[in-house]
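**Student:** sequence first, then the predicted structure, then my questions.
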Amino acid sequence: MSPVVTLDDLHTDIALRKGTVYPVGGVSLTVGKGESLGIVGESGCGKTMTALSVIRLLPPGGRVARGSITLGDTDLATLDEAGMRKIRGNRIGMIFQDPMTSLNPCMTIGDQVSETVLLHRDVTRAQARERAAEVLDLVGLPRAKERLDSYPHLLSGGMRQRVVIAMALACEPELLIADEPTTALDATIQKQILELIDDLRGRLGMAVILVTHDLGVIAGYTDRVAVMYAGKIVETSSTRELFANPRHPYTEALFRALPENVDADRRLYAIPGLPPDLSNPPQGCRFAARCAYATEECRDQEPELTGDGHPFACFHPLGAKEQATPNPHTPLAVAEETAPLLVVRNLVRTFPVTSNGVLQRKIGAVSAVADVSFTVHTGETFGLVGESGCGKSTIGRLLVAADTPTSGSVTFDGTQISGKSHHELRKRRRDFQLMFQDPYASLDPRMRVRSILREPLAIQHRGSAVEQEKAIAKLLDEVGLPGAALDKYPHEFSGGQRQRIGLARALALRPKLIVADEPVSALDVSVQAQILNLMRDLQREHQLTYVFISHDLSVVRYLSTTIGVMYLGKLVEIGPAEQVYTSPAHPYTQGLIDTIPLADPEREQRKDNAGVRGELPSAMNPPSGCRFRTRCPLATEKCAAEEPPMRQFSHQGHQAACHYPLQQPDVTESTNRTNPGSRAAPQS
Amino acid sequence: MTAIPADDAALADSPHVRGPKGRGTVARTVSAFVESKLAVVGLGIVVAFIVFCYVGPLVYHTDQVHIDLSQATLPPSGAHPLGTNEVGYDQLGRLMVGGQSSLEVGVAAALLATVFGTLWGAIAGYAGGFIDSAMMRIVDALLAVPALFLLLFLASIARPTIGLLILVIAFISWLGPARLVRGQALTLRTRDYVTSVRLMGGGPLRAILRHIAPNTIGTVVVNATFQVADAILIVAALSFLGLGIPPPAANWGDMLSNGINYTYDGYWWLIYPPGLAIVLVVVAFNLIGDALRDSFEVRLQKR
């Protein structure tokens, strides 16, 4: 395999107003023709900057300081800007993370794709347009020729990302750089896009650099991996070899932080601390401060990246087959037969859609939540999972009475909380709190941590000023932040620390129920593990009940006792976590499980099931009958005509709504009927 | 004519006066403010003018009440460093006294307009829906009335005093901050931290006063300093049209407008000093406004 691109000892600097950051500190790699190289690491490790250095699109103040980037026989590191323009989009194609912002909303997709061709090829407009139709067809845009004149807003996220890929491929580049190409997309769409890139790589013989934080993506779609930490490559080898036999402690730590490999009763392994500040890189091995195996030697000297075939940079590598000690046990929350804490009955929420005119004429309704019922018992964790747009966040808001249901009821601890006025609920609110997704938007940037944590106590008139002060100190200690944090502002913390503050605020009133809406989806795996462990510990200490909302089934499986799967406003399956995860009854649940990228190349590359095809239909005109039928491989006439009822699949309350379930329904259901949506049995 | 409290209130509100002994926010804001050289220059100019206008007359005694035509339009000399005007008042002394009313009206009107406008906008933006529409239509309606026309009308039916001028100028200038803050409040109300106040059981008052209003402060403070400059110019404009505070009270605008009558007589000392004073104060407040915007942005401050 001849190398398409070779990086040799690449150093990149970014000059800021105050000091210089060194995001890439000596990276060497090669990618061969038709080969796919994955770059993986936590955020802030220089993965993206490495990719941007290759195409020389560094942020203001950025420059390639040292080293070479050889594409064919051109050195890109020293090429002038005019020469670089001939390379970009022509010999190197680039796909960015967010398809919403990488397309120009004022240009038709046909023009945007043909623009690249016009820039680099000596063709007429008509020829360029023809080429655009050709590549759009290649990336799987249905009816590509007719869609040339549509604008980006008419396309869904997945389709837009296909257009972005088409732009990158229009000139048949030798190298395709994909920087987190699927992070902004749903799991079902992610799988489709990754498969498309993989398929095109084979057909066009391109080299691909895939930058991602997701080890599952690496496992399924790359031939070789480079693990980056703090601007350096710490380990690189073939994908299979790396996953079977990681040598660097950082690689191992990344694997162990994944919730999918951990039994529900064991703690997740969390890498302590944060990646170092790259404006002042530490002496010695850069990982030493967070490494469990570090010695004096590591702190003094920097290990070289050495070894044939599977080089790594570590003085104390992990042995060939010496597997890490299993993660320590964590007792599960006590799951005795307890009283129901939260009862949701026939919950419906529709949002009216109005015209833009002065009269605000009602022109339709979005059915966000349609007839959902379930029960959550004290001390359990109810996981709600589904694609974005399935209504899970709307349910979260309804549960904490942040929104009023169109019909149906939410009963908390024996009293109905839905449809009550703010005033009536004032006192009750201390018992249920919401934890937010975005750690940057959920804390007031102008308040110190002290005021942020005191606010709930002040609102509910809890104790005197001195008592409040004590309570705040205790809260901070419980979520593992130092006392000095009290006088700081939110922007002085990292994402994970902010999420701890958010958790402390939710806990301040000692609630019985915490509804956590995607609390870890904005965080890195290592930090995600810290937060999940913390949530578990706090649950045990305070007998908390969680409703955990997430799009990530492996996280939900790890944390929850009961899982509810939602699709387009409907609850399609519910049951004990292990049962739902290992033997799903609904085809959608099975599809969701299939789309999770597993951090195991053997299993991931063997996986041949399609996952879930197509895209989520509009909630304005949901399909008749079973809402999933438009994407279901098993759908028949009956599914369109008749809405499937919830049926029992086990005595532990495993239920699903499907006419053609993947397993036989429990025939004794009529005699042995438990409360619909009832709790999971205690798990051992 | 001592309405100094108005100035005191205005300055106590701006953190730089409290000095670095206030810890945390204040100290940081001050240090960020001081980093901007231009802002310090602006602040210096304003302080110099305050000293000039309020301490000056105590040191430099002049008669600003009795007309003395024998002393009219004298050029600058030892007895009258800036000469005298057309009715024999000492020009330097008049500049001091006139500055008092200009600064008072400017600062007080800007403060009043900003506080009222901010609250109006924050309430409208937070409440949304019908209340928002109703409140903002009132603002739109008032914006449609030409300010100068309103001022002329008011000046012709009432005899202007400093208090009335402050009220009138505040009345026409609160619309700007109200619209600005309402726009920001619309986006702030959907932030998670505002939602969380509701989920803790807190009412709208807390959300508006503790979260929405403080988060608009960057825009509001900058706007307020521009309003000070605007108010001084409006007073000047009104006086120029002969509708300002009636003599013998003085203000810079008045002095300028009188001086213009003698443009062709070469009495430059009647025109340049008040004109320069207006320009300097307006520029100084604008400089302060720019620096405050940067220093109030907590996120941009160094750790």
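**Tutor:** Ah, there it is. Residues are numbered from 1 along each chain as shown, chains lettered A, B, ... in the order given.

**Student:** is chain A within reach of the strand or helix carrying B:Arg179?
**Tutor:** Element membership for B:Arg179 (DSSP states H and E) is helix B:175-188. No: using CB under 8 Å from any CB of the partner chain, helix B:175-188 never reaches chain A; the gap is at least 9.6 Å. Yep, even glycine has a C-beta here, placed from its N, CA and C like the rest.

**Student:** gap between the next helix or strand after that helix and the chain center?
**Tutor:** Per DSSP H and E, the first helix or strand lying C-terminal to helix B:175-188 is helix B:192-199. Centroid separation for helix B:192-199 versus its chain: 35 Å, with CA atoms, centre = their mean, to the nearest Å.

**Student:** then stretch A:439-449?
**Tutor:** The answer for stretch A:439-449 is 23 Å, by CA atoms, centre = their mean.

**Student:** which of the residues in it are buried?
**Tutor:** A:Pro439, A:Ala441, A:Ser442, A:Leu443, A:Asp444, A:Pro445, A:Arg446, A:Met447, A:Arg448, A:Val449 (16 or more other CB atoms under 10 Å in any protein chain shown).

**Student:** for stretch B:201-208, same thing?
**Tutor:** By neighbour count, with 16+ other CB under 10 Å as the criterion, the buried positions of stretch B:201-208 are B:Gly201, B:Gly202, B:Pro204, B:Arg206, B:Ala207, B:Ile208.

**Student:** and chain A, which of these contact it?
**Tutor:** Among these, the residues that sit close to chain A (CB under 8 Å from any CB) are B:Gly201, B:Gly202, B:Arg206.

**Student:** restricted to helices, list these.
**Tutor:** Among those, the residues falling in helices (DSSP state H) are B:Arg206.

**Student:** out of the ones next to chain A among the buried residues of stretch B:201-208, which comes closest to B:Arg159?
**Tutor:** Distance to B:Arg159, by CB to CB, is smallest for B:Arg206 among these, at 43.9 Å.

**Student:** need the contact list for that closest one.
**Tutor:** Contacts of B:Arg206 were listed using CB atoms under 8 Å, 6 or more residues apart in numbering or on different chains, and they are A:Ile459, B:Val197.

**Student:** confidence-wise, which helix or strand of the chain is lowest on average?
**Tutor:** Picking chain A for this. Least confident helix or strand of chain A, by mean pLDDT, DSSP states H and E, is helix A:601-606 with a mean of 75.

**Student:** my bad, chain B
**Tutor:** helix B:4-13 (a mean of 35).

**Student:** number of residues surrounding the residue in the stretch 51-200 of chain B positioned nearest to chain A?
**Tutor:** For the stretch 51-200 of chain B, the residue closest to chain A is B:Asp192, as judged by CB to the nearest CB, at 3.7 Å. B:Asp192: 20 surrounding residues under other CB atoms under 10 Å in any protein chain shown.

**Student:** ok, it touching A:Ala441?
**Tutor:** Yes: assessed by CB atoms under 8 Å, B:Asp192 is found in contact with A:Ala441 at 4.8 Å.

**Student:** number of nearby residues for the residue lying closest to B:Ala277 once chain neighbours are set aside?
**Tutor:** Nearest residue to B:Ala277, sequence neighbours excluded (CB to CB, 6 or more residues apart in numbering or on different chains): B:Trp252, at 5.4 Å. Neighbours of B:Trp252 under the rule other CB under 10 Å: 26.

**Student:** ditto for B:Val40
**Tutor:** Applying other CB under 10 Å, I find that B:Val40 has 16 neighbouring residues.

**Student:** in the chain, where is pLDDT below threshold?
**Tutor:** Chain wasn't specified; assuming chain A. In the predicted model, chain A carries pLDDT under 70 at residues A:1, A:319-338, A:355-361, A:608-610, A:667-684.

**Student:** let me rephrase: I mean chain B.
**Tutor:** Applying pLDDT under 70 to chain B picks out residues B:1-26, B:28-29, B:32, B:240, B:242, B:246-248, B:297-303.
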